[in-house]
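Engineer: Could you work out the structure for the sequence below:
(one chain, ligands or ions: 1)
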Amino acid sequence: MTMSRMGSESLRLENVAALPAVHEKPSISVIGLGYVGAVSMACLAHLGFRMVGVDISLDKVRAIKEGRSPIVEARLGDLLREGVDAGLIDATQNLVAAVLDTDVTFMSVGTPTSPNGDCDLTYVRQASRAIGQALSLKSGFHVIVMRCSVPPGTTLDCVAPEIEAASGKKMGVDFGVCFNPEFLREGVAVADFYAPPKTVIGACDKRSEEIVSRIYSAVDERILFVSIEAAEMVKYADNVWHATKVAFGNEIGRLCKALAIDSHEVMNVFVKDLKLNLSPYYLKPGFAFGGSCLPKEVRAVAHLATDLGINLPLIQNLTASNDRHVDQAVRLLKPFEGQRIGFLGLTFKPATDDLRESPTLELMARLQAKGETLLAYDPNIAEGPHLQSQIDYVRHACPSQARLMDDLKSLTVQSADDVMANSDIVVVSHATDEFRAAVKARRPNVHVLDLARLFAELPAGDATYQGIAW
Ligand SMILES: NC(=O)c1ccc[n+]([C@@H]2O[C@H](COP(=O)([O-])OP(=O)(O)OC[C@H]3O[C@@H](n4cnc5c(N)ncnc54)[C@H](O)[C@@H]3O)[C@@H](O)[C@H]2O)c1
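Structural biologist: Down below sits the predicted model:
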């Protein structure tokens, strides 16, 4: 059984010792012995890796050398003591010596917020230059693993060039770089290390990827390999999501308190829904939300809060955020002004004939107001009394779409092929097999704006295809 399958914060250290041996163990230097670095030192030493820690703080270096924890963190002191006693842990202020003495360098220096709100990369740059100086003296291959949370692009546009400039060596030839985000939670960081929520590696080459994978093979057999930039972004996406969850829970709490409802009674039910609430559902980028429920309920809750005098910035800005997503589609279609724009899918999602608050109709209405030529097909929209009553409803409920409703029947055609044959660009809002096939079979000069992510793998080198948010 792997540690990740155990998934328990109360993991016992004896279990770690029972893991299959990692056959080849690179020695590892860790630059920055704060919350991330000190935990990496202790936990990797416990797995049998020889570790050399580096910090500019003499106090932290002394603490690690003496097997004392420099921070408050459960079980960290015990593991550091064990590592020092086993001769697997050393620490120094001499970064160059530590890099020269090891095969792999983990970088976990601080990345605080600079005065203008940007991520301050001062420590990252300093450490990168010092690593470069060390590599100028080293003959063998070395791997640098970024653990810091940084803006996407930092590893390849800042760290690697600094190392190359200071060392005179080439990334991918003399050294490799990886981004390996850190997901530990302070307080339970040791348990999280041995049962990680996920292990993500972005590497500049296969050789570096293989070396870093080997380090983690004892704690996670399902490592996720992505590009370096995606690995950097995963960390930001995770933390923004966690912050969103906290803000959402607290906004629901403030609203509940004003309504004399126990927020925990509500959220205890909310978190039990693993199908729609706590699940991958709704989280993949696509087009704006719509339909008969979400926009209406969001407006109702925002209005309720305003009536109660409660400020809920997250919830009260959801409609604006959704509108900006429709704006983005309008912007992406601007280069096609004056050309024929076809639509595949009219309703807010596939497999329904409900036209209420469809963001696709809103997009079409905005284009129609600009004088664009439109045509559309939706397999669930058919001429008849039900369609007429839907059109009448939308015309009344949504004045911005009134003119489009007048013209909807005349601009609707009978098949996806009709749209493909008579459009210069096709906007696809439903990820169905029918539309995938139509897009694949299109004439070479027909462009596609994909609002629904038709293909998991993006069509490579196809300048006529683009997604709304990928
Ligand atoms: N704390 C967390 O729970 C956590 C979780 C995930 C990711 N991260 C990220 O990991 C990075 C480190 O976070 P942290 O909380 O461990 O930071 P920290 O401030 O606790 O530790 C950073 C250490 O780096 C040292 N340092 C700075 N420049 C140095 C240099 N040139 N040479 C050697 N040492 C140097 C500092 O003295 C300090 O001890 C940050 O990018 C942070 O965003 C932190």
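Engineer: can you give me the helices for the stretch 1-150 of the chain?
Structural biologist: For the stretch 1-150 of the chain, the helices defined by DSSP state H, counting those that start in this stretch cover 3-6, 13-17, 35-46, 58-65, 76-85, 95-100, 122-136.
Engineer: Deepest-packed of these, please.
Structural biologist: helix 35-46 (a mean of 26; mean count of other Cβ atoms under 10 Å). In short, each C-beta sits where N, CA and C put it, glycine included.
Engineer: Mind giving me the packing neighbours of that one?
Structural biologist: strand 28-31, strand 51-54, helix 58-65, helix 76-85, strand 89-92, helix 189-194 (3 or more Cβ pairs under 8 Å, 6 or more residues apart in numbering; DSSP states H and E).
Engineer: Check the offset of the first one from the chain's centre.
Structural biologist: Between the centre of strand 28-31 and the centre of its chain there are 27 Å (Cα atoms, centre = their mean, to the nearest Å).
Engineer: Quick one: mean pLDDT over stretch 118-130.
Structural biologist: The predicted model gives stretch 118-130 an average pLDDT of 98.
Engineer: Report the contact partners of Lys170.
Structural biologist: By Cβ atoms under 8 Å, 6 or more residues apart in numbering, the contact list for Lys170 reads Glu164.
Engineer: What pLDDT does the model give it?
Structural biologist: So, for Lys170, pLDDT stands at 98.
Engineer: What separation is there between it and the ligand?
Structural biologist: Distance, Lys170 to the ligand, using Cβ to the nearest ligand atom, to the nearest Å: 23 Å.
Engineer: how close does that residue sit to Arg356?
Structural biologist: Lys170 sits 58 Å away from Arg356, going by Cβ to Cβ, to the nearest Å.
Engineer: Then Leu374?
Structural biologist: On the measure of Cβ to Cβ, Leu374 and Arg356 end up 20 Å apart.
Engineer: Kindly report the same for Ser217.
Structural biologist: Counting by Cβ to Cβ - Ser217 and Arg356 are separated by 52 Å.
Engineer: which residues of the protein fall in strands?
Structural biologist: Here the chain has its strands, by DSSP state E, at 28-31, 51-54, 89-92, 104-107, 142-146, 175-179, 200-203, 224-226, 340-344, 373-377, 425-428, 447-450, 465-467.
Engineer: and the ones you listed as TSV, adding mean pLDDT, distance to the ligand and mean neighbour count?
Structural biologist: Listed next are those as TSV, based on pLDDT from 0 to 100; distance: least, Cβ to the nearest ligand atom, whole Å; neighbours: other Cβ atoms under 10 Å:
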stretch	mean pLDDT	distance to the ligand	mean neighbour count
strand 28-31	98	5	27
strand 51-54	98	5	28
strand 89-92	98	10	22
strand 104-107	98	8	26
strand 142-146	98	9	26
strand 175-179	98	11	26
strand 200-203	98	12	24
strand 224-226	98	17	14
strand 340-344	98	42	24
strand 373-377	98	47	20
strand 425-428	98	38	25
strand 447-450	98	34	22
strand 465-467	97	30	17
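Engineer: near the ligand, which residues of the chain?
Structural biologist: When proximity is defined as Cβ under 6 Å from any ligand atom, the chain approaches the ligand at 31-37, 54-57, 60, 95, 108-111, 123, 126-127, 147-149, 182, 184, 186.
Engineer: Apply 5 Å and report the result again.
Structural biologist: 31-32, 34-36, 54-57, 108-111, 123, 126-127, 148-149, 182, 186 (Cβ under 5 Å from any ligand atom).
Engineer: Tell me who's in contact with the residue in the stretch 1-150 of the chain that the ligand sits nearest to.
Structural biologist: With Cβ to the nearest ligand atom, the shortest gap between the stretch 1-150 of the chain and the ligand falls at Gly34, namely 1.9 Å. Contacts for Gly34 were tallied using Cβ under 8 Å, 6+ apart; they are 55, 60, 70-71, 108-110.
Engineer: Out of those residues, who's the most crowded?
Structural biologist: Ser108 (27 neighbours; other Cβ atoms under 10 Å).
Engineer: what's that residue in contact with, if anything?
Structural biologist: Here Ser108 is in contact with 30-34, 36-37, 40, 147-148, 182 (Cβ under 8 Å, 6+ apart).
Engineer: and what of Ser208?
Structural biologist: 143, 176-178.
Engineer: What is the nearest of those residues to Thr155?
Structural biologist: Val177 (5.7 Å; Cβ to Cβ).
Engineer: For the contacts of Ser108, could you give me JSON lines that also reports distance to Arg395?
Structural biologist: Converted to JSON lines, those look like this (distance: Cβ to Cβ, whole Å):
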{"residue": "Val30", "distance to Arg395": "65"}
{"residue": "Ile31", "distance to Arg395": "64"}
{"residue": "Gly32", "distance to Arg395": "62"}
{"residue": "Leu33", "distance to Arg395": "66"}
{"residue": "Gly34", "distance to Arg395": "61"}
{"residue": "Val36", "distance to Arg395": "58"}
{"residue": "Gly37", "distance to Arg395": "63"}
{"residue": "Ser40", "distance to Arg395": "62"}
{"residue": "Arg147", "distance to Arg395": "57"}
{"residue": "Cys148", "distance to Arg395": "55"}
{"residue": "Glu182", "distance to Arg395": "54"}
